[in-house]
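> Build me a structure from this.
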Amino acid sequence: MGFSEWFIGLIFRIVSNNWYSVLVNGQPHGFFKSTIGVKHGDPLSPTLFILAAEAMSRGINVLHHNLYFCGFGMPKWSPKINHLAYADDAIIFSSSDATSLRLIMEVINAYETTSVQLINKAKSVVYVHHSTRDEVVRKIEVITSIQRKDFPLIYLGCPIFYKRRKMEYYEDLISKVLDKLQAWKGKLLSIGGRAVLISSVLKTMTIHLLSAVNQLAYVLNKLHKLFVRFYWSNSIDGRARHWASWDTLCLPKHEGGVGFLNDMSNALFCKLWWNFRTKPSLWGSFMSQKYLKKMHATVVPWRGGSHVWRKMLERRDSTEHLIFWKLKMGSSLFWFDNWTCLGSLYFVIPPEFIVDEIIHNVSYVVVEGQWDEHKIREILPGDLAMHTIQDPSMNDELDKPIWCLETRGQFTVKSAWEYLRRRKDPATTHEKIWVKGLPFKISFFMWKLWKGTLPLDDVIRRMRYYMPSKYWWCVMPKEEILSHVFYRSLTALKVWSYFYSHARLSLEGLNLHQAIVKCWTTKVIPRLEPIFQALPNIIVWELWKRRNNNKHGEAVSTNRVVYQVCNTIQSLIKLRKPGIDRDHSDGLIYLE
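A predicted model of the protein is given here:
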């Protein structure tokens, strides 16, 4: 690889002069010298591994220049590819020609000899087309000493196959999710803990696949069912009531959801299309030669292809018009790139205007840094020509792609998801439910109360489960309905009046929802806004706890409810305002 003798000698002395000692009862006894090796944790280790892997990669690439080597079939003019490697995982592409297989094995054997790293042939697999003759398969197995296996090939966690997509191809992903859920099933996780696990762990497991594989809708639906079942019942086989659908939970918080991410597949394939159009790469070059031929990506018709390519074409129209090409040296394609802010001129010009295929790049209509107005007016209608003729600001750099949904012009999956996602009308009340610093379970409880999905007797009756209903913890027992439990009962009125009087708010003529909204929308100084926003959430949460405790035989007084509300407010103040003194950290003093 061109290293000097001095460098080779330096590395050899490092790896061949290692002494080790054996610990017996915690004490070192004696030393022995290793033949060759690297100390544990030595930063030289990954460097040597990379050098060895690079040597094997170059050895395989050199085979392209061997006249006796017959490579894997590739599209015409595409880059010559005979292997892909990531860390210690590698895929080698080859024909079934015996000479070519022997040449590949010679490179592998040379790698094993020089690096002292043996290829694990027991874990290696040969993949061939299902219609390959048995004698050809046996020849391959004899030459390589590697057994054949049927598709799909699992590479970096992604199933690779050439037939129709099948459910069993994704069983590995589903089993991994199930294993995670089974491990958490026995733990006492709060609703907030389950939300964090779904957002940070389970969703990331699927996003890796969604960014590279066009998955079956059935697979995604099954995963979503597992997520929502775990969320509502803390297990995958639980029978708990699902108070909201997965689609509702996946809405942003200001639109009435919980904020889980969904429909990420479309946004991730927008990213694939962005990379394909704007970033030169080995993958992009291969895809261009295989599917575009002499056509441009914006006009190539739908002619089948791989599942990934078809999904990319589905996202083409929704992505392409958001890519603006900022002119530098005029390298953008005149007819097909969006360099005028109007979209591709190929689709904008009227039918009576003929596309002049001689004009390829924008630089064709620029002369000495200025537009060639005569030429532009010949090939474009008057209004388009006037829009185009502006200061081109040419320089020696390639034209720069700009993502129109981001101020910095760089593509982000978040902006693509926000653009493509399912929407509902936002509401201020939905956004006010979620308070930064307040436990998720309290905000989520208010979310359920606001949607009327708490397991109260009147709600259960709407589900056609009829039973006697009384709220027994009043002097005059009444039917257990949401407004009575949280607002009209004697205890609830005392609690609301106590805190609203300190906040100088009136409850006169208000129902439960109006009282909550009044506290949320009252104009106060900025440092009081989170407290006023959290106060209704905390009150209804403590009233709910009192209702449950009384129902199960543990009486809770009104004063206890007030104390718990004050304590939670005080904790929120300390979290949001850590430098505040103790006297002002009291919730009531802070409100006043």
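> can you map out the helices along the stretch 401-550 of the chain?
When assigned using DSSP state H, counting those that start in this stretch, the helices of the stretch 401-550 of the chain occupy the ranges 413-420, 428-433, 440-451, 457-462, 482-483, 490-502, 512-521, 529-551.
> Just name the shakiest helix or strand of the protein by mean pLDDT.
In the chain, the helix or strand scored least confidently by mean pLDDT, DSSP states H and E is helix 587-591, which has a mean of 57.
> Would you map the strands across this structure?
19-24, 27-33, 83-86, 89-92, 153-155, 158-160, 323-326, 366-367, 370-371, 400-403 (DSSP state E).
> wait, residue 112 sits on residue 120?
No. If you go by C-beta atoms under 8 Å, residue 112 and residue 120 don't touch, sitting 10.8 Å apart. In this view, the C-beta of every residue, glycine as well, is placed from N, C-alpha and C.
> These two: who's more crowded?
residue 112 (13 against 8; other C-beta atoms under 10 Å).
> Setting aside sequence neighbours, what's the nearest residue to that one?
Nearest in space to residue 112, with sequence neighbours left out and distances taken as C-beta to C-beta, 6 or more residues apart in numbering, is residue 118 at 5.3 Å.
> Hmm, residue 109 and that neighbour touching each other?
No. Between residue 118 and residue 109 there is no contact under C-beta under 8 Å: 10.1 Å.
> got the CA positions of stretch 431-451 in PDB?
In PDB, the C-alpha atoms belonging to stretch 431-451 read as follows (Å, rounded to 0.1, in the frame of the first residue of the first chain):
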ATOM      1  CA  GLU A 431     -51.100  23.200  23.100                       C
ATOM      2  CA  LYS A 432     -51.800  24.500  26.600                       C
ATOM      3  CA  ILE A 433     -52.400  21.000  27.900                       C
ATOM      4  CA  TRP A 434     -48.700  20.200  27.800                       C
ATOM      5  CA  VAL A 435     -46.500  22.000  30.300                       C
ATOM      6  CA  LYS A 436     -42.800  21.800  30.200                       C
ATOM      7  CA  GLY A 437     -41.500  20.500  33.500                       C
ATOM      8  CA  LEU A 438     -44.800  19.000  34.600                       C
ATOM      9  CA  PRO A 439     -44.800  15.100  34.800                       C
ATOM     10  CA  PHE A 440     -46.100  13.600  31.600                       C
ATOM     11  CA  LYS A 441     -48.800  11.600  33.400                       C
ATOM     12  CA  ILE A 442     -50.400  14.800  34.700                       C
ATOM     13  CA  SER A 443     -50.500  16.500  31.300                       C
ATOM     14  CA  PHE A 444     -51.700  13.300  29.600                       C
ATOM     15  CA  PHE A 445     -54.500  13.000  32.200                       C
ATOM     16  CA  MET A 446     -55.600  16.500  31.300                       C
ATOM     17  CA  TRP A 447     -55.500  15.400  27.600                       C
ATOM     18  CA  LYS A 448     -57.800  12.500  28.400                       C
ATOM     19  CA  LEU A 449     -60.100  14.700  30.400                       C
ATOM     20  CA  TRP A 450     -60.300  17.200  27.600                       C
ATOM     21  CA  LYS A 451     -61.300  14.500  25.100                       C
END
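> buried ones in that stretch?
432-435, 438-440, 442-450 (16 or more other C-beta atoms under 10 Å).
> Can you tell me which of those residues is closest to residue 250?
residue 447 (13.7 Å; C-beta to C-beta).
> That closest one contacts residue 432, correct?
No. Checked against C-beta under 8 Å, the pair residue 447 and residue 432 is beyond contact range at 10.8 Å.
> For the stretch 1-150 of the chain, just list every one of the helices.
Under DSSP H, counting those that start in this stretch, the stretch 1-150 of the chain gives helices at 5-16, 44-62, 98-115, 134-144.
> Export the helices of the stretch 401-550 of the chain as CSV, with columns for mean pLDDT and distance to residue 208.
Converted to CSV, the helices of the stretch 401-550 of the chain look like this (pLDDT from 0 to 100; distance: least, C-beta to C-beta, whole Å):
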stretch, mean pLDDT, distance to residue 208
helix 413-420, 91, 13
helix 428-433, 88, 31
helix 440-451, 93, 26
helix 457-462, 76, 40
helix 482-483, 85, 43
helix 490-502, 90, 48
helix 512-521, 92, 39
helix 529-551, 90, 36
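> Identify whichever of those lies nearest to residue 372.
It's helix 413-420; of the helices of the stretch 401-550 of the chain, that one is closest to residue 372 (C-beta to C-beta) at 36.2 Å.
> Which other helices and strands does that closest one contact?
helix 264-278, helix 307-320 (3 or more C-beta pairs under 8 Å, 6 or more residues apart in numbering; DSSP states H and E).
> go with 6 Å
Judged by 3 or more C-beta pairs under 6 Å, 6 or more residues apart in numbering; DSSP states H and E, helix 413-420 is in contact with helix 264-278.
> Helix 307-320 and the helix it packs on, what's the angle between them?
Between helix 264-278 and helix 307-320, the angle comes out at 80 degrees (axes from the mean of the first three to the mean of the last three C-alpha atoms, to 10 degrees).
> export helix 264-278 as CSV, just CAs?
The C-alpha coordinates for helix 264-278 follow below in CSV (Å, rounded to 0.1, in the frame of the first residue of the first chain):
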residue,chain,number,x,y,z
MET,A,264,-41.9,8.6,8.5
SER,A,265,-41.5,6.4,5.5
ASN,A,266,-42.6,9.1,3.0
ALA,A,267,-40.2,11.7,4.6
LEU,A,268,-37.3,9.3,4.5
PHE,A,269,-37.9,8.5,0.9
CYS,A,270,-37.9,12.2,0.2
LYS,A,271,-34.5,12.2,1.7
LEU,A,272,-33.4,9.4,-0.6
TRP,A,273,-34.7,11.4,-3.6
TRP,A,274,-32.9,14.5,-2.4
ASN,A,275,-29.6,12.6,-2.0
PHE,A,276,-30.1,11.0,-5.4
ARG,A,277,-30.6,14.4,-7.1
THR,A,278,-28.1,16.5,-5.3
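> Now it: buried residues?
Quick answer for helix 264-278 (16+ other C-beta under 10 Å): 264-274, 276-277.
> Touching that helix from outside, list them.
207, 210-211, 284, 311-312, 315, 319, 401, 411, 413, 416-417, 420 (C-beta atoms under 6 Å, 6 or more residues apart in numbering).
> Residue 194: how many residues sit nearby?
20.
> and what of residue 525?
Neighbours of residue 525 (other C-beta under 10 Å): 6.
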